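Student: dropping the sequence and predicted coords here.
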Number of protein chains: 4
Amino acid sequence: MNRHDLILHAARTCMIEKGFHNASIKNIAACANVSTGLIYRYFENKESIIEALVRDIVNNMKSHLDDKPARDENQPLDIFQRSDFFADLQDNIFMLMDIASAATRNTRYKKLVAEAHNALQDDIVRREKQQHPAMNESIFRTRHYVTTLLLDGVIVQCGRKGYVVDDELRQMINAIVNKLLHAK
Amino acid sequence: MNRHDLILHAARTCMIEKGFHNASIKNIAACANVSTGLIYRYFENKESIIEALVRDIVNNMKSHLDDKPARDENQPLDIFQRSDFFADLQDNIFMLMDIASAATRNTRYKKLVAEAHNALQDDIVRREKQQHPAMNESIFRTRHYVTTLLLDGVIVQCGRKGYVVDDELRQMINAIVNKLLHAK
Amino acid sequence: MNRHDLILHAARTCMIEKGFHNASIKNIAACANVSTGLIYRYFENKESIIEALVRDIVNNMKSHLDDKPARDENQPLDIFQRSDFFADLQDNIFMLMDIASAATRNTRYKKLVAEAHNALQDDIVRREKQQHPAMNESIFRTRHYVTTLLLDGVIVQCGRKGYVVDDELRQMINAIVNKLLHAK
Amino acid sequence: MNRHDLILHAARTCMIEKGFHNASIKNIAACANVSTGLIYRYFENKESIIEALVRDIVNNMKSHLDDKPARDENQPLDIFQRSDFFADLQDNIFMLMDIASAATRNTRYKKLVAEAHNALQDDIVRREKQQHPAMNESIFRTRHYVTTLLLDGVIVQCGRKGYVVDDELRQMINAIVNKLLHAK
DNA sequence: TATGAATGAGGTTTCATTCAT
DNA sequence: GATGAATGAAACCTCATTCAT
């Protein structure tokens, strides 16, 4: 791993562990086994690290989606079926909350997060359209929106209660999403 | 307004504006037009201010619920119908995100938020039970859970996109909730 | 007790309990059951309270000495024999240390403490002279000096070890002083 | 001098000059000609600085003792004979008083001072034993105790009177100690 | 390129002192 | 006289950032 990615990885680890505001540059440097000064050779400042982290998460999600096999409409949907995708999401729960929170105040983050979401949505809609050319695009968008809403809800709940997604929760969410999809 | 509430109000304003971590005691004092020292006459420390803020939000929600007229089962539900309730929620969105985020790292906050949620849930279940004595309690709990999930999702979305709840969003959420309720 | 003495008494209690620097005006006021503002009606500032306290201690010692029965030269001396005097001294140990310590830096305290010591010494020498008119004054002064030295040592030791003067310590000190006195 | 020792030296100077409670981190930093932040690179907190200072004093005393030539029993003892030892002690007088005073209220300091005293005592007893193998250990301990008592007394007196040890005081103390030692 | 010592602004909190009531 | 709310300077400590080596 090159220095840039090494630092980014360390930043991710620290922020997951300590939270956005408690992950100091020193922590990150120690975690990456480099000097504090070196951080500033690869990133302009702390904000830029967050920026890169968000970009990373988005790219990760996109690549997860790329791998995703086409869903069989007749089978019940399991939005957690790609276990590695959701494992990742769980890992990121705390960081995502922090970043979302930070984004409410920081224009740069906010723009970034919004762009990321739009990119993701476009990506999802595009591939759904390929599968179901006859369907109305607005339905895709709604689906995506609801799913996002629920996932965000789950994230917050997890953060709040401090537990990971267990089977009960997983089934409940799936039931809701399935009902929504088939009700259309 | 007495000094205690004045400071609390200022704290709320600052946190909404600048975020949890950037609302310094000095900021709050300046916003309340008092000296920094005075803050500590009314609150033990910064944590206590947050504590009071969360308690305030919870009590507010409870009193909103108390005012809520019995819902006519045959009419579609509008969870935003109490516009002042949601206006309040929107005001609190940023702060709630920050606090939820901070709660993932701070034991005291986490306990506080958990307590608040339990208190709210108990309150809701109790009043639903009064209205529908024959219904199974677990259904109430599920309903509450889903609603919470969605509301949390909405909060995050709002924070993320930086806009308030518009009509489109409102109708979409309502549609989902209504479908869920009648599917049961 | 008048307000002035009430406050002084409270100050003494607080300083014994919490130490010189940790006894705040608020503490003292609370202990005296008066408002903080009132303190400043009776004392110019915190320094003046110390000043008054030191004066008090000196006067107390003088009055203890006044009560002291003439010592029988043929009996071994017990410098702790006036148990109430030493009880008082023990009570004051911590405060005396603090004040002595503060006096090293504060001209006003230093002058005060020096004056107090001289006053006490003169008082002691005067009464010893009355008892033993033939003896050389320098002997009295030496005796007084040594006794003071030892008492101060005892005070520091007590402060250091955190215990009060026990029988063993008492006998040891007495043995030393007796030897000194009779060696002359 | 390395930064660590530079800061420690500055701390010592400040404490001697201003006293324990008035030697602020900022003062110390200014005195050492470094930034306040740097202090915390070398010491965990203010307490640690004191800790290091006390340790320094103890080590200094021990090394002074190591250099001390064996005393000729037939010659009168001069406990100030190692003039550099006592010069050092005088330098430390103010600080020692403050620390002793602070130790009465602070568990950590108290433990520190107690340990230091025990270490010194053990050191002294050990070397006396080497010189006089036949003598009872309790005699050494008593001697040490009395000497300590007197030294503490001298320290307090010096602090109180604000002067350094002059010849008169020196001779008086020596006379006392000699009498004590030979009376045994 | 890489280090980590150094900086200093800024955070929370305490407390002697003042002053309107 | 008496109160206690209010002030604000100053304490300790943290951390993003810079820079000599």
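Tutor: Sure thing, it's come through.
Student: can we go C-alpha only for contacts and neighbour counts from here?
Tutor: OK.
Student: chain A against chain D: which residues are in contact?
Tutor: Proximity of chain A to chain D, by CA under 8 Å from any CA of the partner chain, involves no residues.
Student: ok, which residues in chain A are in contact with DNA strand E?
Tutor: Within chain A, the positions lying close to DNA strand E (CA under 7 Å from any atom of the strand) are A:3, A:34, A:35, A:36, A:37, A:38.
Student: grab the nearest non-local neighbour of the third one.
Tutor: Closest residue to residue A:35 apart from its sequence neighbours, by CA to CA, 6 or more residues apart in numbering or on different chains: residue A:29 at 5.7 Å.
Student: from chain D, how far off is that neighbour?
Tutor: To chain D, residue A:29 is 16 Å away according to CA to the nearest CA, to the nearest Å.
Student: and that residue, how many neighbours?
Tutor: Residue A:29: 20 surrounding residues under other CA atoms under 10 Å in any protein chain shown.
Student: again with residue A:13
Tutor: 20.
Student: quickly find the element holding it.
Tutor: Assigned by DSSP states H and E, residue A:13 belongs to helix A:3-18.
Student: that helix near DNA strand F anywhere?
Tutor: No - counting by CA under 7 Å from any atom of the strand, DNA strand F is not contacted by helix A:3-18; separation bottoms out at 10.1 Å.
Student: what lies in contact with the next helix or strand after that helix?
Tutor: Downstream of helix A:3-18, the first helix or strand assigned by DSSP H and E is helix A:25-32. For helix A:25-32, the external contacting residues (CA atoms under 8 Å, 6 or more residues apart in numbering or on different chains) are A:6, A:7, A:9, A:10, A:11, A:14, A:35, A:36, A:39, A:46.
Student: pick out the residue of chain A closest to chain C.
Tutor: Closest approach between chain A and chain C, counting by CA to the nearest CA: residue A:22, at 32.3 Å.
Student: test my guess that that residue contacts residue A:15.
Tutor: Yes - if you go by CA atoms under 8 Å, residue A:22 and residue A:15 touch, sitting 7.5 Å apart.
Student: and the gap between the residue of chain A found nearest DNA strand E and residue A:11?
Tutor: Closest residue of chain A to DNA strand E, CA to the nearest atom of the strand: residue A:37 (3.1 Å). With the distance defined as CA to CA, to the nearest Å, residue A:37 ends up 15 Å from residue A:11.
Student: in terms of neighbours, single out the busier of these two.
Tutor: A direct count of neighbours by other CA under 10 Å for residue A:37 and residue A:11 places residue A:11 higher, at 25 against 11.
Student: which residue packs closest to residue A:154, ignoring adjacent ones?
Tutor: That would be residue B:149: by CA to CA, 6+ apart, it lies 6.4 Å from residue A:154.
Student: re earlier: residue A:22 and residue A:15: who's more crowded?
Tutor: Legend: neighbour count by other CA under 10 Å for residue A:22 and residue A:15, higher for residue A:15 (24 against 12).
Student: wait, doesn't that one sit right on residue A:95?
Tutor: Yes - counting by CA under 8 Å, residue A:15 touches residue A:95, with 6.3 Å between them.
Student: what comes up buried for stretch A:35-43?
Tutor: Buried residues in stretch A:35-43, counting neighbours by 16 or more other CA atoms under 10 Å in any protein chain shown, are found at A:36, A:39, A:43.
Student: how about stretch A:5-22?
Tutor: A:6-16, A:18-20.
Student: export the residues you listed to CSV and append columns for pLDDT and distance to chain B.
Tutor: Listed next are these as CSV, based on pLDDT from 0 to 100; distance: CA to the nearest CA, whole Å:
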residue, pLDDT, distance to chain B
A:6, 94, 25
A:7, 95, 23
A:8, 94, 21
A:9, 93, 20
A:10, 94, 19
A:11, 93, 17
A:12, 91, 16
A:13, 90, 14
A:14, 90, 13
A:15, 86, 11
A:16, 82, 10
A:18, 81, 7
A:19, 78, 7
A:20, 78, 9
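Student: ok, which of those also contact chain C?
Tutor: Near chain C, taking CA under 8 Å from any CA as the test, no member of the buried residues of stretch A:5-22 is found.
Student: closest one of those residues to residue A:178?
Tutor: residue A:16 (31.2 Å; CA to CA).
Student: gap between the closest one and residue B:115?
Tutor: 24 Å.
Student: just residue A:134 next, same as before
Tutor: 48 Å.
Student: do the host helix or strand of residue A:39 and DNA strand F meet?
Tutor: Using DSSP H and E, residue A:39 sits in helix A:36-42. Yes - Helix A:36-42 lies within reach of DNA strand F by CA under 7 Å from any atom of the strand, at A:36, A:37, A:40.
Student: in a markdown table: these, plus pLDDT and distance to residue A:167.
Tutor: Listed next are the residues of helix A:36-42 next to DNA strand F as a markdown table, based on pLDDT from 0 to 100; distance: CA to CA, whole Å:
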| residue | pLDDT | distance to residue A:167 |
| --- | --- | --- |
| A:36 | 96 | 42 |
| A:37 | 96 | 45 |
| A:40 | 97 | 43 |
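Student: what's the closest of those to residue D:130?
Tutor: Each of the residues of helix A:36-42 next to DNA strand F was scored against residue D:130 by CA to CA, and residue A:36 proved nearest at 54.1 Å.
Student: excluding chain neighbours, what is closest to the closest one?
Tutor: Looking at residue A:36 with CA to CA, 6+ apart, the closest residue is residue A:29, at 5.2 Å.
Student: hang on, residue A:23 packs against residue A:12?
Tutor: No - look at residue A:23 against residue A:12 with CA under 8 Å: they stay out of range, at 9.3 Å.
Student: ok, residue A:31 - how many residues close by?
Tutor: 17.
Student: now swap in residue A:136 and tell me
Tutor: 10.
Student: residue C:95 versus that one, what's the distance?
Tutor: 85 Å.
Student: how long is stretch A:35-49 end to end?
Tutor: Stretch A:35-49 end-to-end distance (CA to CA) = 16 Å.
Student: hmm, who's touching that stretch?
Tutor: By CA under 8 Å, 6+ apart, the surrounding residues in contact with stretch A:35-49 are A:3, A:4, A:7, A:8, A:11, A:25, A:26, A:29, A:30.
Student: tell me the pLDDT of the closest residue to residue A:157 other than its chain neighbours.
Tutor: Excluding the flanking residues, the one nearest residue A:157 by CA to CA, 6+ apart is residue B:149, at 7.2 Å. Confidence at residue B:149, expressed as pLDDT, is 76.
Student: so residue B:149 is in which element?
Tutor: Counting by DSSP H and E, residue B:149 is part of helix B:137-161.
Student: buried ones in the helix or strand hosting residue A:114?
Tutor: According to DSSP H and E, residue A:114 maps onto helix A:107-131. Neighbour-count burial for helix A:107-131, counted by 16+ other CA under 10 Å, picks out A:109-114, A:116-117, A:120-121, A:124-125, A:128.
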